[in-house]
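Enquirer: Kindly return the folded structure for what I paste below:
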Amino acid sequence: MKKEKISGLTAVYRKVKEGYIAYVEEIPGVNTQGTNLKEAKENLIDALRLVLEVNKEMTEKELLGYDFVKEKISIDL
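Expert: Residues are numbered from 1 along each chain as shown. The predicted structure is shown next:
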């Protein structure tokens, strides 16, 4: 499977007593935590990858048997 590079997303790392809470500002559900900033960053990449893979699989199942168009889009915020 061809890998794609996704850029322009915003990672937020909030310091808490236990370490860091991390989430992607633009995508609800992509959140995690870590005992330190390095771990939170690694966990956030894993969480983002997992959410995107699962969403893609769900979409592919929903589209089975339908005529559809898929295309890449970009926007400036």
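
Enquirer: residue boundaries of the helices in this structure?
Expert: According to DSSP state H, the chain carries its helices in the segments 37-63.

Enquirer: Spatially central residue for it, please.
Expert: By C-alpha atoms, centre = their mean, the mean C-alpha position of the chain lies nearest to Leu48, the distance being 2.6 Å.

Enquirer: so who does that residue touch?
Expert: 9, 24, 27, 30 (C-beta atoms under 8 Å, 6 or more residues apart in numbering). Heads up, the C-betas are built off the backbone N, CA and C, glycines and all.

Enquirer: what do you get if the cut-off is 6 Å, keeping everything else the same?
Expert: Contact analysis of Leu48 by C-beta atoms under 6 Å, 6 or more residues apart in numbering lists 24, 30.

Enquirer: how close does it sit to Tyr20?
Expert: Distance, Leu48 to Tyr20, by C-beta to C-beta, to the nearest Å: 15 Å.

Enquirer: do Gln33 as well
Expert: 6 Å.

Enquirer: more neighbours, these two?
Expert: Of the pair Gln33 and Tyr20, Tyr20 is the one with more neighbours under other C-beta atoms under 10 Å, namely 21 against 18.

Enquirer: Tell me the pLDDT of the residue nearest to the centre of the chain.
Expert: pLDDT recorded at Leu48 is 97.

Enquirer: Roughly how far does it sit from Lys38?
Expert: Following C-beta to C-beta, the distance that separates Leu48 from Lys38 is 16 Å.
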